[in-house]
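Visitor: Below are the sequence and a predicted model; questions follow.
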Number of protein chains: 2
Amino acid sequence: MSPRKPSTKDLTKEMIINEAHKQFITKDFHQVSMRSIAKELGCSHGAIYYHFKNKAEIFYAILSDYFSELNNTLDENMNGPEDHNTKLLNVFVGYMAFGLNHQSQYELMFIMRDREIDGLSQEAANVSYEKFAQAVQSLSMTELLISDIHSTFIALHGFVTHYRHYVKNYEEAKEAVDIHAKFLIKALTHSESSSS
Amino acid sequence: MSPRKPSTKDLTKEMIINEAHKQFITKDFHQVSMRSIAKELGCSHGAIYYHFKNKAEIFYAILSDYFSELNNTLDENMNGPEDHNTKLLNVFVGYMAFGLNHQSQYELMFIMRDREIDGLSQEAANVSYEKFAQAVQSLSMTELLISDIHSTFIALHGFVTHYRHYVKNYEEAKEAVDIHAKFLIKALTHSESSSS
DNA sequence: CTATTAATTAACCACCGGTCAATAAGGAGG
DNA sequence: CCTCCTTATTGACCGGTGGTTAATTAATAG
């Protein structure tokens, strides 16, 4: 029933994902090719197709870990001992820091609209947004408009998509991140004064 | 000195740009290939390289028109008869409408970080931002923080990069655009209450 | 008519994602 | 030991991409 156990582990899914992940940190999606992965792994690129049905499947496996990381970061900020306002700031800063520290990944998670990878990450992105929206509302003193929370998220997303052109990681944009986060908190705080 | 005048106009820069532009409206940068342009033009793809040194040069020629259009839209909104607040709203809405109505182009102008096209559009993007920032300041009742204007621009940019996944043009996101614009105006208006 | 020059072609390069028949390798059962 | 069967792997192949360039065509100026 089971001839040839995978004891020798010639080539495993894990190895492929690890190599793809390694390259994905410094290169973007299109720059990491099946051939470059195979070359580094010392196998033919055809072999990879035995373990994964296509390139998108490899990258989605990687992305799901990053979605988890993003969600975990949010949870950690929420479970901290700080007061609500500080937490809110941390949530905003945390989101932008994540995007700037994992630029290639963020691109695939939220920016790229390649029909290949899409649909897969679409759902995960929605889940992450829902967590974000709930967190923001629970940290706010007053009842917020859903649209204001949404606008805030969009503003954070905009920061990441903009600054990725100019900085390599969060550290390099630290001050700007802080300023943007405080701008958004200010906007949300004065949100109550909206009509109807 | 000038044998073979381009009287017969076998293949002109204009024809190439027009065809590339035509395809660029419905397809994105990577989907429009030198071969697809040549095919539609009835020539070999090599012929195009006589008129343009590479693909990026063609697309930059197209993009510069769109940068002009974006700048003109801003000017028109500024020169209108409305009051300052309405103008400010129009500037915000105008920016988002431009991005949503020219998604392929906006992607190349502000989102993509392909080393090919970049650098070229970088400068034009900066110029457009400067115009935007000055417009916003001049329409504001009070002295705004540069950082607040920047945050506002980033939030507009975020809106476009987000909604392009869900919507084909401005019309389909009209309400959301309006809501986002008003959120940002509210944020800017209450800006004065910031410390230091 | 010839020299010059603009324009074009088509073959080439090095990549890409993806497919697939052939093959190697390792037990399981006789 | 030697089949048989399954898994895993190879490498050639397909059609596609952007880009380059030697050779060629065609038109015009002298």
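Guide: Yes, it's here.

Visitor: Residue of chain A nearest chain B, please.
Guide: The minimum distance from chain A to chain B, using C-beta to the nearest C-beta, falls at residue A:158 (2.1 Å). Placement of C-beta: from N, CA and C, glycine included.

Visitor: which is the next helix or strand following the helix or strand containing that residue?
Guide: Using DSSP states H and E, the element containing residue A:158 is helix A:146-163. Once helix A:146-163 ends, the next helix or strand along the chain (criterion: DSSP H and E) is helix A:174-189.

Visitor: what about the helices in chain A?
Guide: For chain A, the helices defined by DSSP state H cover A:13-26, A:34-41, A:45-51, A:55-79, A:84-101, A:103-106, A:120-139, A:146-163, A:174-189.

Visitor: closest to residue B:89 out of these?
Guide: Residue B:89 lies closest to helix A:146-163 among these, at 14.3 Å (C-beta to C-beta).

Visitor: Tell me which other helices or strands that closest one touches.
Guide: In terms of contacts (3 or more C-beta pairs under 8 Å, 6 or more residues apart in numbering or on different chains; DSSP states H and E), helix A:146-163 is packed against helix A:84-101, helix A:120-139, helix A:174-189, helix B:146-163, helix B:174-189.

Visitor: Just give the closest residue to the residue of chain A closest to chain B, not the sequence neighbours.
Guide: Ranked by C-beta to C-beta, 6 or more residues apart in numbering or on different chains and with sequence neighbours excluded, the top spatial neighbour of residue A:158 is residue B:158, at 2.1 Å.

Visitor: Check chain A and tell me which residue is nearest its centre.
Guide: Taking C-alpha atoms, centre = their mean, the centroid of chain A lies closest to residue A:106, which sits 4.5 Å from it.

Visitor: And the contacts of stretch A:31-41?
Guide: Contact with stretch A:31-41 is made by A:11, A:15-16, A:19-20, A:22-24, A:44-49, A:55, A:58, as judged by C-beta atoms under 8 Å, 6 or more residues apart in numbering or on different chains.

Visitor: residue ranges with poor pLDDT in chain A?
Guide: For chain A, applying pLDDT under 70 flags the ranges A:1-9, A:191-196.

Visitor: Residue A:11: neighbour count?
Guide: Residues lying near residue A:11 (other C-beta atoms under 10 Å in any protein chain shown) number 18.

Visitor: just residue A:104 next, same as before
Guide: Residues lying near residue A:104 (other C-beta under 10 Å) number 20.

Visitor: how many neighbours does the closest residue to it other than its chain neighbours have?
Guide: In this structure, residue A:104 finds its nearest non-sequential neighbour in residue A:28, 4.9 Å apart by C-beta to C-beta, 6+ apart. Residues within reach of residue A:28, counting by other C-beta under 10 Å, total 16.
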